[in-house]
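A.B. asks: sequence and predicted model, in that order:
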Amino acid sequence: MAGLNVSIAFFFSIVALCEVTRRLSKRIFPPKLYSCFASELASSFQLCACCLELKMLVEIGPWVGGFGPDVSFTLLFLLFLVHGASFDGASANPAVSLQEFLALNSPFVVTVSKLLVQFMGMIAADALTKLYWSRELTDFHMIQNIMVQDCSSSLRTSVSHGIFVEATCSFFFNVAILRFRSSSPMYRAPFVALTVTALAYTAAPFTGAFFNPALAFAVTFSCSGNSLPEYMQVYWLGPTAGMLVALFVYRGNIPRLFQTNLLYSQKNKYRIPKGKAIPLSGAEQRQPKAQKATSCSGPSDRTE
């Protein structure tokens, strides 16, 4: 359990470091620069570092630490719960940033900036985590430091099946993001964390269940077993295709490409209430007829 405790301390340290970075950056930078640069950089770093350490526990923990998948998936849920509460509007996911661009929620320049920063944050986290492993603080890290020199691919199925798996995971993840985008973090974070945990439990044996192009690039693109074009098809094309389908199914259109809603009819939100007919008395019923006769005959020009 000592190795697990060290890993948990690592999680706390990374989250604390990134949270301090976010708060200091929020005071220093203008809001726009903070949201598209500092927040995305810190959140991407946090996500990748925690993912790498958790991946190490999943691969080595059962035969070195003696704990099963229940511990790993519990940690995964708790980590994404913390990510959802601390990211401060950042997505740390290029597929989600592209979704915001296609939904007209983010301009082109801001989207490109976010994509570059997300990859930068992931690569920096990968370098720092490997440096941390090289210290060999526990048996876990000693073994991982040996294995990292010749890591194996997370893609354990065919390329076509891998594309389908990553696209499906991305679809459900992006639907959850779209559905709870405007909800309170109190409700959004647990639901997204539960969605990620369920998808990882189902898809991890096939592709690692990344559904995040930048995260997959930092974690598995350098590993042997598959070529760069195969990795790009599975971990870039798959999540992007799933995101496009999710946006189209959720909204009925892709606003950046076409405005016509092809799935859902647009009904008028405001209905004119229908008034009830009020019965009139006999005198009131005869009065319109007299007025009609007067109006039809016109005013009399005769004077007496």
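C.D. replies: Noted; the coordinates are in hand. Residues are numbered from 1 along each chain as shown.
A.B. asks: was I right to think S72 contacts K55?
C.D. replies: No: using CB atoms under 8 Å, S72 and K55 do not qualify as a contacting pair, with a distance of 9.2 Å. Every C-beta, even on glycine, is put in place using the N, C-alpha and C of the backbone.
A.B. asks: please enumerate the helices of the stretch 1-150 of the chain.
C.D. replies: In the stretch 1-150 of the chain, the segments counted as helices under DSSP state H, counting those that start in this stretch are 2-28, 31-33, 39-60, 69-86, 94-102, 108-133, 139-147.
A.B. asks: just the buried residues of stretch 157-172, please?
C.D. replies: Applying a neighbour-count criterion of 16 or more other CB atoms under 10 Å, one finds V159, G162, I163, F164, V165, E166, A167, T168, C169, S170, F171, F172 buried in stretch 157-172.
A.B. asks: again with stretch 181-192
C.D. replies: In stretch 181-192, counting by 16+ other CB under 10 Å, buried: R188, A189, P190, V192.
A.B. asks: tabulate the residues you listed (JSON lines), appending distance to V20 and secondary structure.
C.D. replies: Output for those, formatted as JSON lines (distance: CB to CB, whole Å; DSSP: H, G, I helix; E, B strand; the rest coil):
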{"residue": "R188", "distance to V20": "23", "secondary structure": "helix"}
{"residue": "A189", "distance to V20": "20", "secondary structure": "helix"}
{"residue": "P190", "distance to V20": "25", "secondary structure": "helix"}
{"residue": "V192", "distance to V20": "24", "secondary structure": "helix"}
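A.B. asks: closest to R22 among the residues you listed?
C.D. replies: Relative to R22, the closest of the buried residues of stretch 181-192 is A189; by CB to CB it sits at 15.9 Å.
A.B. asks: any low-confidence regions in this structure?
C.D. replies: For the chain, applying pLDDT under 70 flags the ranges 1, 267-304.
A.B. asks: what about 50?
C.D. replies: 269-270, 288-304 (pLDDT under 50).
A.B. asks: got the CA positions of stretch 125-141 in PDB?
C.D. replies: C-alpha atoms of stretch 125-141 as PDB (Å, rounded to 0.1, in the frame of the first residue of the first chain):
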ATOM      1  CA  ALA A 125       3.300  16.600 -18.200                       C
ATOM      2  CA  ASP A 126       4.700  13.600 -20.000                       C
ATOM      3  CA  ALA A 127       8.200  14.800 -19.600                       C
ATOM      4  CA  LEU A 128       7.800  15.800 -15.900                       C
ATOM      5  CA  THR A 129       6.000  12.500 -15.000                       C
ATOM      6  CA  LYS A 130       8.800  10.400 -16.600                       C
ATOM      7  CA  LEU A 131      11.300  12.500 -14.600                       C
ATOM      8  CA  TYR A 132       9.400  11.700 -11.500                       C
ATOM      9  CA  TRP A 133       9.400   8.000 -12.300                       C
ATOM     10  CA  SER A 134      13.100   8.000 -12.800                       C
ATOM     11  CA  ARG A 135      13.500   8.900  -9.000                       C
ATOM     12  CA  GLU A 136      12.100   5.300  -8.400                       C
ATOM     13  CA  LEU A 137      10.400   6.200  -5.100                       C
ATOM     14  CA  THR A 138       8.500   2.900  -5.000                       C
ATOM     15  CA  ASP A 139       8.700  -0.500  -6.600                       C
ATOM     16  CA  PHE A 140       5.900   0.700  -8.900                       C
ATOM     17  CA  HIS A 141       8.000   3.500 -10.200                       C
END
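A.B. asks: quickly find the element holding the residue nearest to F221 when sequence neighbours are not counted.
C.D. replies: Nearest non-adjacent residue to F221, counting by CB to CB, 6 or more residues apart in numbering: Y231, 5.2 Å away. Using DSSP states H and E, Y231 sits within helix 228-232.
A.B. asks: quick check: buried residues in that helix?
C.D. replies: Of the residues in helix 228-232, E230, Y231, M232 count as buried by neighbour count, 16+ other CB under 10 Å.
A.B. asks: can you tell me which of the buried residues of stretch 181-192 is nearest F10?
C.D. replies: Looking across these and measuring by CB to CB, the closest to F10 is A189, at 21.4 Å.
A.B. asks: if we can go back for a sec, of all the helices of the stretch 1-150 of the chain, which one is nearest L263?
C.D. replies: Per CB to CB, nearest to L263 of the helices of the stretch 1-150 of the chain: helix 94-102, 15.8 Å.
A.B. asks: residues making contact with the closest one?
C.D. replies: 91, 106-108, 111, 114-115, 118-119, 170, 174, 177-178, 211-214, 239-240, 242-244, 246-247, 254-257 (CB atoms under 8 Å, 6 or more residues apart in numbering).
A.B. asks: all set now, cheers.
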